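1. next comes the sequence, and after it the predicted model I'd like to discuss.
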Amino acid sequence: MHFLKTISLYLSILFIIGCSEKAIERDCIDEKMDEYELTPYKGETLNSCDFRMELYILDNKQFFNVYQPCTYNLTYPEDCDGNIACCAENGGERLTDFYENATYEGIVGFRRSK
């Protein structure tokens, strides 16, 4: 009887692992933080003009949107290699399609405005 319980446990674990979400293809948060000279965000209160980096996941890829809210500039999320998440020339879709299909993970980095 103990043998059957052990086998059942192992099969359950294999099933759970096999059905879990796919892993991110490439984790480059630290690279992007360095590139934009940002500090990891841990829930601090941000000023309206502090730079922010938001993380989105689409098709198991990370996309980052770096912006400064008070400047009102249009920004485009980019992947780990700097490819913009929209626009036909990059093999992407419309920007609205990106935001409708991507999963917003939140702010991951910031830099205080001067």
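-> Okay, I see it.

2. how about the helices in the chain?
-> For the chain, the helices identified by DSSP state H occupy 2-19, 29-35, 95-101, in order along the chain.

3. how far away from the center of its chain is the second one?
-> Averaging C-alpha positions (Cα atoms, centre = their mean, to the nearest Å) puts helix 29-35 12 Å from its chain's average.

4. then that helix to CSV, C-alphas only?
-> As requested, the backbone C-alpha atoms of helix 29-35 are provided in CSV (Å, rounded to 0.1, in the frame of the first residue of the first chain):
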residue,chain,number,x,y,z
ILE,A,29,15.6,42.6,-15.9
ASP,A,30,19.0,43.3,-14.4
GLU,A,31,20.4,44.2,-17.9
LYS,A,32,17.7,46.7,-18.5
MET,A,33,18.0,48.1,-15.0
ASP,A,34,21.7,48.7,-15.7
GLU,A,35,21.0,50.1,-19.2
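
5. and that helix, what does it pack against?
-> When contacts are defined as 3 or more Cβ pairs under 8 Å, 6 or more residues apart in numbering; DSSP states H and E, helix 29-35 packs onto strand 51-58, strand 61-67, strand 103-111. (Each C-beta comes from the backbone N, C-alpha and C, glycine too.)

6. which residues sit against the last one?
-> Contact with strand 103-111 is made by 29, 32-33, 36-41, 44, 46, 50-58, 64, as judged by Cβ atoms under 8 Å, 6 or more residues apart in numbering.

7. quick one, which of the residues you listed are buried?
-> Applying 16 or more other Cβ atoms under 10 Å to those, the neighbour count classes 29, 32-33, 38, 41, 50-56, 58, 64 as buried.
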